[in-house]
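Asks: coordinates for the following, if possible.
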Amino acid sequence: MTNHPAPLLAARDLVKTHGRTPALRGAHLELAAGEIVAVTGPSGSGKSTLLHCLAGIVRPDEGSVTYGGERVDRLPERRLSELRRTEFGVVFQFGQLIPELTALDNVALPLMLAGTARGAAQESAAEWLARFGASEQGRLRPGELSGGQAQRVALA
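Replies: A predicted model of the protein is given here:
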């Protein structure tokens with residue numbers, strides 16, 4: 001008998017509809033710690049809806065999402081915000097950067113919201129931009145970035 005550890009993130013029997021349009025019909029996914037996954041498929045196949053459910057951005061109509069033993073689909077919004085800020089890393093097609101902020105400030109903002117002083121947050125943000133090859137874009141606003149640059153900033 002093989003002893004497999006419990007998955008870190010699990011979605012079971014997810015169902016989600018938008019109006020009358022089904023987006024997810026019994027989706028199931030299990031991810032181990034450290035596992036990297038790309039969600040691919042044709043337009044309208046439910047990729048974004050699945051990611052939104054996994055990250056607690058939307059709640060499924062049916063099914064469950066667990067992370068580290070916690071039922072994400074049942075958590076209060078405050079705890080979901082904390083998880084999204086500290087644990088979950090999802091990069092969507094357009095990066096979700098705040099257009100009024102520079103790339104550096106977009107990366108520093110979650111740290112400042114978590115209580116890190118502005119200077120320390122900006123220093124850390126600059127280090128993360130460098131790790132993703134986006135140091136030179138730190139002073140630019142999202143509208144001045146190419147698609148690839150914006151995604152690197154979102155990853156940072």
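Asks: any idea which residue sits dead centre in the protein?
Replies: residue 90 (2.2 Å; Cα atoms, centre = their mean).
Asks: name the helices or strands packed onto the longest helix seen in the chain?
Replies: Counting residues, the longest helix found in the chain (DSSP state H) is helix 118-131. Contact partners of helix 118-131 among helices and strands, from 3 or more Cβ pairs under 8 Å, 6 or more residues apart in numbering; DSSP states H and E: helix 103-113. Backbone N, C-alpha and C define where each C-beta goes, glycine included.
Asks: now the helix it packs on and helix 118-131, what's the angle there?
Replies: 130 degrees (axes from the mean of the first three to the mean of the last three Cα atoms, to 10 degrees).
Asks: distance from the chain centre to helix 103-113, please.
Replies: Distance of helix 103-113 from the chain centroid (Cα atoms, centre = their mean, to the nearest Å) equals 15 Å.
Asks: about what we covered before: check the gap between the residue nearest to the centre of the chain and residue 45 for me.
Replies: 17 Å (Cβ to Cβ, to the nearest Å).
Asks: about what we covered before: quick check: the residue nearest to the centre of the chain touching residue 56?
Replies: No: Residue 90 is beyond contact range of residue 56, at 10.3 Å (criterion: Cβ atoms under 8 Å).
Asks: give me the neighbour count for residue 67.
Replies: Other residues near residue 67 come to 21 when the count uses other Cβ atoms under 10 Å.
Asks: show me what contacts it?
Replies: Residue 67 sits next to 8, 9, 83, 87, 88 when contact means Cβ atoms under 8 Å, 6 or more residues apart in numbering.
Asks: tell me the buried residues within the residues you listed.
Replies: Among these, those classed as buried by 16 or more other Cβ atoms under 10 Å are 8, 9, 83, 88.
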